[in-house]
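Engineer: model this:
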Amino acid sequence: MLVLVEQSLNGLQFGLLLFLLAAGLTLVFGIMDFVNLAHGSLYMMGAYFAATFVAWTGSFVLGILLALGATLLLGILLEFIALRHLYGRDHLDQVLATFGLILFFNDAVRLIWGPAGLSLPLPAWLTVPVQIVPGVFYPAYRLSIIVVALAVAALLYVVVMRTRIGMLIRAGASNREMIGALGINIKLLFTLVFGLGAALAGLAGLMQAPILTVQIGMGENILILAFVIIVIGGIGSIRGAFLAAIFVGMIDTLGRAFLPDLLRTVLSSAAASTAAPALSSMLIYLLMAIVLVVRPEGLFPAAKR
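Structural biologist: Here you go, the predicted model:
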C-alpha cells in the first residue's frame, strides 16, 4: 500500500512536469497556431542554464531564478530573430524550420558545454524526506515540484482565462488583423506569449535536472509526450493539458512500477523489465489513438472564440 501511495505521488509529480512542458506548447501551438518542434530544446536549455548558474553562484535558488530568466530571454530572442517570420506560413514550413533549430541547439550545447552530461546537485534542505501521512515519507524536492507546478498551473489559468492580457492573446489568435486594428501591438503580444511558453519549458527542464542527467537531446523524447498530451486534452486548452498530463504521468509511472511484477508471471525477469516501459508507452499511444477516433477535438477542448 505504501508503495502504491509513493508511486502515485511520483506519477503526479511527473504528470505536473509534463504539464509545464505541454502548457507552453499548447499556448504556442493552440493559441498562436504555430508548430514548434524546438520546444523540447528550450526544455533542455533550461536544464543546462540551471546546472551552469547554480555552479557559478553556489546558490540553488538564485541559480534556478537566473536559469528561468535566461530561458525566458532566449525564447523572446528566438521568436524575434527567427520564428516571427513564420507566422501565417504553412505548418510544414514551421516544422522544417524548428527541426533545424533542434539541430542548432544540440550542436550549440555540444560546443559550449561539451558532449558529456552535467549534474545539478540539490541543497541539503531539499534532500530530506517529508512525512506526508503517518508512515509515508516523500522526498522534499519531489514534493516541492508538485507544489510549484500546481501554483504555476493555477496562475497560468488565471492569466490566460481571467485577465485582459489573456483575452488579448485569445482574441489575437482568432483574428490577428482585427486586434491590430484596435491598436494592440500583436507582434509584441505574441513575442511575450512565446517567451512565456519558453519559460514554462525551461522551468520543466530545470526542475527535472536534479533527477536526471542534463544531456544533449534530453528534450526530444519528452516532447513527444507533450504532443500526445495536447492531442488528448485538446489543442489550446490549458485545462485539457493539465488533466491529460496528470493522466499520462500516472499511466507511465504506475505502469513502469507495477507491470514488471505482472509480466513476470508469463515472462522471464529480464524480459519483463524490458517489456514494461514499452507496454506503458503503448498504453499512452493507444489512449491517444482512441481519443482521435472518438473525440478528435480532445477530451477537454478550448472554448470556442
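Engineer: for this protein, just list every one of the strands.
Structural biologist: Counting by DSSP state E, the chain has strands at residues 129-133, 136-139.
Engineer: now the first one: mean pLDDT?
Structural biologist: Per-residue pLDDT values over strand 129-133 give a mean of 85.
Engineer: and that strand, what does it pack against?
Structural biologist: For strand 129-133, the packing partners by 3 or more C-beta pairs under 8 Å, 6 or more residues apart in numbering; DSSP states H and E come out as helix 2-26, strand 136-139, helix 140-162. C-beta: built from backbone N, CA, C; applies to glycine.
Engineer: Gly40 is nearest to which of these?
Structural biologist: Nearest of the helices and strands packed on strand 129-133 to Gly40, taken as C-beta to C-beta: helix 2-26 at 7.8 Å.
Engineer: which elements pack onto the closest one?
Structural biologist: Secondary-structure packing of helix 2-26 (3+ C-beta pairs under 8 Å, 6+ apart): helix 39-57, strand 129-133, strand 136-139, helix 140-162, helix 186-208, helix 218-233, helix 238-263.
Engineer: quick check: which of the ones you listed is nearest to Ile179?
Structural biologist: For Ile179, the closest of these is helix 186-208, at 5.6 Å, according to C-beta to C-beta.
Engineer: quick one: the closest one to helix 39-57, angle?
Structural biologist: Helix 186-208 runs at 60 degrees relative to helix 39-57, counting by axes from the mean of the first three to the mean of the last three C-alpha atoms, to 10 degrees.
Engineer: how about helix 186-208: buried residues?
Structural biologist: 186, 189-208 (16 or more other C-beta atoms under 10 Å).
Engineer: quick check: which ranges of this structure have low pLDDT?
Structural biologist: Applying pLDDT under 70 to the chain flags the ranges 1, 170, 172-177, 180, 303-305.
Engineer: quick one: contacts for Gly40?
Structural biologist: For Gly40, the contacting residues are Leu21, Ile102, Ala201, Gly219, Glu220, Ile222, Leu223, Ala226, by C-beta atoms under 8 Å, 6 or more residues apart in numbering.
Engineer: which pair in those spans the largest distance?
Structural biologist: Most distant of the contacts of Gly40, by C-beta to C-beta, are Leu21 and Ile102, 14.8 Å apart.
Engineer: so which of those two has more stuff around it?
Structural biologist: Leu21 (32 against 19; other C-beta atoms under 10 Å).
Engineer: got the strands of the chain as JSON lines, with mean neighbour count columns?
Structural biologist: As requested, these are exported to JSON lines (neighbours: other C-beta atoms under 10 Å):
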{"stretch": "strand 129-133", "mean neighbour count": "11"}
{"stretch": "strand 136-139", "mean neighbour count": "16"}
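Engineer: which one of the ones you listed lies nearest to Pro277?
Structural biologist: strand 136-139 (21.8 Å).
Engineer: show residues contacting stretch 100-120.
Structural biologist: Residues outside stretch 100-120 that contact it (C-beta under 8 Å, 6+ apart): 37-38, 40-41, 44-45, 47-48, 50-52, 54, 78, 82, 206, 209-210, 213-217, 220.
Engineer: how about that stretch: buried residues?
Structural biologist: So, applying 16+ other C-beta under 10 Å, buried residues of stretch 100-120: Leu101, Ile102, Phe105, Asn106, Val109, Trp113, Leu118, Leu120.
Engineer: just the residues you listed now: which is nearest Leu74?
Structural biologist: The closest of the buried residues of stretch 100-120 to Leu74 turns out to be Phe105 (C-beta to C-beta; 9.6 Å).
Engineer: neighbours around Ser237, how many?
Structural biologist: The tally of other residues near Ser237 (other C-beta under 10 Å) stands at 22.
Engineer: now the closest residue to it other than its chain neighbours: how far from Ala272?
Structural biologist: Nearest non-adjacent residue to Ser237, counting by C-beta to C-beta, 6 or more residues apart in numbering: Ala302, 4.2 Å away. With distances taken as C-beta to C-beta, to the nearest Å, Ala302 is found 41 Å from Ala272.
Engineer: who has more neighbours, those two?
Structural biologist: Comparing Ala302 with Ala272 by neighbour count (other C-beta under 10 Å), the higher total belongs to Ala302, at 23 against 18.
Engineer: I'd say the more buried one and Gly236 touch.
Structural biologist: Yes. The pair Ala302 / Gly236 is scored as a contact, 3.8 Å apart, by C-beta atoms under 8 Å.
Engineer: what is in contact with these two at once?
Structural biologist: Joint contacts of Ala302 and Gly236 (C-beta under 8 Å, 6+ apart) are Gly30.
Engineer: wait, doesn't Leu263 sit right on Thr274?
Structural biologist: No. Contact between Leu263 and Thr274 fails when scored by C-beta under 8 Å: they sit 9.3 Å apart.
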